[in-house]
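>>> Curious how this folds, go ahead:
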Amino acid sequence: MRSIIPALLALTLLSSCASGGPKVVPSPLALRLERFLHPPGGTIAVAYLNLGSGAAYARNENHLFHAASTMKVPVMMALFQAIDEGELRLDQPLPVRNQFQSLADASSFSLDPKEDGDPELYEAVGSTRTLEELIRRMIVRSSNLATNLLIEKIGASRAQDLMRSLGAYRIRILRGVEDDKAYRAGMNNLTTAADLAVALAALANGTTFKPASSARMIEILKAQEFNEKIPAGLPAGTPVAHKTGDITGIHHDAAIVYPPGESPYVLVVLTQGYEDEKAADRTIAEISRVVWERRADPPSRSPAQSAEPVREGG
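Presented below is the predicted three-dimensional model:
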C-alpha cells in the first residue's frame, strides 16, 4: 500500500487550495485543458497522475458521478483479491443464467441482450463459463450479464470494502446493472475521478495483488474493445489499460497509459450532460491528447486546481 502514497498525496495537494491562500499559477497542462472543461449544461472531471515523475492534475475530481460501467474495475479487482486468497479459481465454472434479484425489493428481473455490449454470452444461458471468461467479458466487452453473475458470486460489498482499503472512499458499489427499480430508487453505483485514479494507481504499482494477478488484470484491461475515448487521443499502438462507462448522458473512461520507455500514468475523465456520446468521446480524446503531449512537464510546486464540493451526479 505504501507505493501508492505519492499518488494519494498528489490528489490531496491538488484538493487542498483554500480560497484565502496564496495565488495559484495555472500549470501549462491546466491552461491547455481549460478550454475542454466547460461543456454547456454538463460537468467534466479529470484526474491525472504520472506514476514516474509525480506530476498531477485534477479538476472536479471529487464530484460524484453515476459510475456506469467503470464500476466493473473494482469488481474485477475484488475477484482477483479472492483468487489471491485462495477463495476462487480462474478455471472455476459458474452457471450462466439471466435472472437476478433487485436491490430495491428482491423482485426478479432479467437483462435485455439488445442493451448489452456482449449479446453472445446469452447463448450460454443454462450452461457454465469459467470465472476467467466472465471477468474478461465483463471488462473487454463490458458484458452486463457477466457483471451481474460475478457480483452475485463475490458480493458488491467485497468490491466496496477493497476500494475503502485502498483509500478510494467515495466509490459506492451497491449492485449490478440494469436493476431498474433500484435505479429509480436512487440506489446507484457512484464514483469520482479521484477514487478511480487511486484504484488504477494501486493496480499499476504491481504490489497490491500477487504479480500474476496484477499482470492478468492489466492484460485484460489492455484488451478493451471500446477505444473511442482515451486511446483515441494517443499515438497509434500506445498500450493503454482502460475501462469505459456509458449510459444516457454519462460517458467515462479510466485508464493506465504506458508510454514506451517511460513510467505509466493514470488518466480518468468522467463526464455528464452530453446528449451526444460522440461529442463526449471527442472531448475525452482531446483531453487525453493534451495530457499525452504535456506528460513530461515537471510536477507543480503548488495545487493546480481547487476541488469542487462533493455532490451526486448522474
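>>> Can you get me a residue count around the closest residue to I151 other than its chain neighbours?
Closest residue in space to I151, ignoring its immediate chain neighbours: G176 at 4.6 Å, by CB to CB, 6 or more residues apart in numbering. C-betas here are computed from N, CA, C, even on glycine. G176 is flanked by 26 other residues according to other CB atoms under 10 Å.
>>> Distance check, G176 against E152.
Note on G176: its distance to E152, by CB to CB, to the nearest Å, is 7 Å.
>>> residues shared between the contacts of the two?
Taking CB atoms under 8 Å, 6 or more residues apart in numbering as the criterion, G176 and E152 both touch F100.
>>> still on that earlier bit, quick one: contacts for the residue nearest to I151?
So G176 contacts 100, 144, 147-148, 151-152, 156 (CB under 8 Å, 6+ apart).
>>> what about it, distance to R136?
In terms of CB to CB, G176 sits 17 Å off from R136.
>>> now T238
22 Å.
>>> Out of these two, name the residue with the larger neighbour count.
R136 (20 against 15).
>>> Next one: the more buried one relative to D84, how far apart?
For R136 relative to D84 (CB to CB), the value is 18 Å.
>>> Equivalent analysis for L162, please.
Where D84 is concerned, L162 sits at a distance of 11 Å (CB to CB).
>>> So for the two, which sits in the more crowded spot?
Using other CB under 10 Å, the more surrounded residue of L162 and D84 is L162, with 24 against 15.
>>> Can you report phi and psi for that one?
phi -60, psi -40 (degrees, to the nearest 10).
>>> List the contacts of the nearest residue to it once chain neighbours are set aside.
Excluding the flanking residues, the one nearest L162 by CB to CB, 6+ apart is A78, at 4.9 Å. Applying CB under 8 Å, 6+ apart to A78 gives the contacts 154, 158-159, 162.
>>> Next: T283.
36, 39, 44, 271, 274.
>>> distance of the second one from T244?
From P39 across to T244, the span is 18 Å (CB to CB).
>>> who's more crowded, these two?
T244 (26 against 15).
>>> and that one, how far is that from Q101?
On the measure of CB to CB, T244 and Q101 end up 27 Å apart.
>>> so how far is stretch 77-95 off the chain centroid?
Stretch 77-95 has its C-alpha centroid displaced from the chain centroid by 21 Å (CA atoms, centre = their mean, to the nearest Å).
>>> about what we covered before: please check the contacts of G176 and keep the buried ones.
100, 144, 147-148, 151, 156 (16 or more other CB atoms under 10 Å).
>>> Determine how far stretch 232-239 lies from the middle of the whole chain.
With CA atoms, centre = their mean, you get 19 Å for stretch 232-239.
>>> Correction: the previous question concerned stretch 272-289.
The chain centroid and the centroid of stretch 272-289 are separated by 16 Å, computed with CA atoms, centre = their mean.
>>> avg pLDDT for it?
Stretch 272-289 comes out with an average pLDDT of 95.
>>> Also stretch 79-87?
98.
>>> outside of that stretch, which residues touch it?
88-90, 131, 135, 150, 153-154, 158, 162, 209-210, 213, 216-217.
>>> From the residues you listed, which land in helices?
131, 135, 150, 153-154, 158, 162, 213, 216-217 (DSSP state H).
>>> got the buried residues for stretch 275-282?
Buried, per 16+ other CB under 10 Å, within stretch 275-282: 277, 280-282.
>>> Repeat that for stretch 102-117.
Applying 16+ other CB under 10 Å to stretch 102-117 flags 102-104, 109, 111, 113, 116-117 as buried.
>>> Please, where are all the helices along this structure?
Counting by DSSP H, the helices of the chain are 5-14, 28-33, 72-84, 131-140, 144-154, 156-166, 180-184, 193-204, 211-222, 277-294.
>>> got any ranges where the stretch 201-314 of the chain has weak pLDDT?
300-314 (pLDDT under 70).
>>> picking that back up, tabulate the contacts of G176 (JSON lines), appending pLDDT and distance to V291.
Converted to JSON lines, the contacts of G176 look like this (pLDDT from 0 to 100; distance: CB to CB, whole Å):
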{"residue": "F100", "pLDDT": "97", "distance to V291": "38"}
{"residue": "N144", "pLDDT": "97", "distance to V291": "30"}
{"residue": "T147", "pLDDT": "98", "distance to V291": "28"}
{"residue": "N148", "pLDDT": "98", "distance to V291": "33"}
{"residue": "I151", "pLDDT": "98", "distance to V291": "32"}
{"residue": "E152", "pLDDT": "97", "distance to V291": "37"}
{"residue": "A156", "pLDDT": "96", "distance to V291": "31"}
